[in-house]
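S.K.: Have a look; sequence and predicted model below, questions after that.
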Amino acid sequence: MKSYQLIVRIPEIHCVGCLNRIKNALISHGANHVDIDLSTHIGKVNFEGEEIDSQGYIDSIDNTGYSVELLTIISLD
């Protein structure tokens, strides 16, 4: 399996509760690690797969009620 990092901007987050809701949704979707910086609103999502499932992770964030902007996807391999 290949490893990827999805980098997104989530402009509407403002508290730890927001972060936890989003992190839980991403981990439930299959993320290995989630790091979201509350001050910059930048999220980094590490995941593995044979294909890049960026839309699935974006949809997971969107389904929590927060807008999300894809910045880039990095292959970690």
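M.R.: Nice, thanks for sending it over.

S.K.: which stretches of this protein form strands?
M.R.: For the chain, the strands defined by DSSP state E cover 2-9, 33-37, 42-49, 69-75.

S.K.: and the ones you listed as TSV, adding mean neighbour count and distance to Gly56?
M.R.: In this view, the C-beta of every residue, glycine as well, is placed from N, C-alpha and C. Converted to TSV, the strands of the chain look like this (neighbours: other Cβ atoms under 10 Å; distance: least, Cβ to Cβ, whole Å):
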stretch	mean neighbour count	distance to Gly56
strand 2-9	17	10
strand 33-37	15	14
strand 42-49	18	9
strand 69-75	12	12
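
S.K.: Make CSV out of those strands and add mean pLDDT and distance to Arg21.
M.R.: Formatted as CSV, these follow (pLDDT from 0 to 100; distance: least, Cβ to Cβ, whole Å):
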stretch, mean pLDDT, distance to Arg21
strand 2-9, 96, 15
strand 33-37, 97, 11
strand 42-49, 95, 12
strand 69-75, 95, 18
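
S.K.: Gln55: which of those strands is closest?
M.R.: With Cβ to Cβ as the measure, strand 69-75 is the member of those nearest Gln55 (8.9 Å).

S.K.: and the closest one, what does it pack onto?
M.R.: With contacts defined as 3 or more Cβ pairs under 8 Å, 6 or more residues apart in numbering; DSSP states H and E, the packing partners of strand 69-75 are strand 2-9, helix 54-63.
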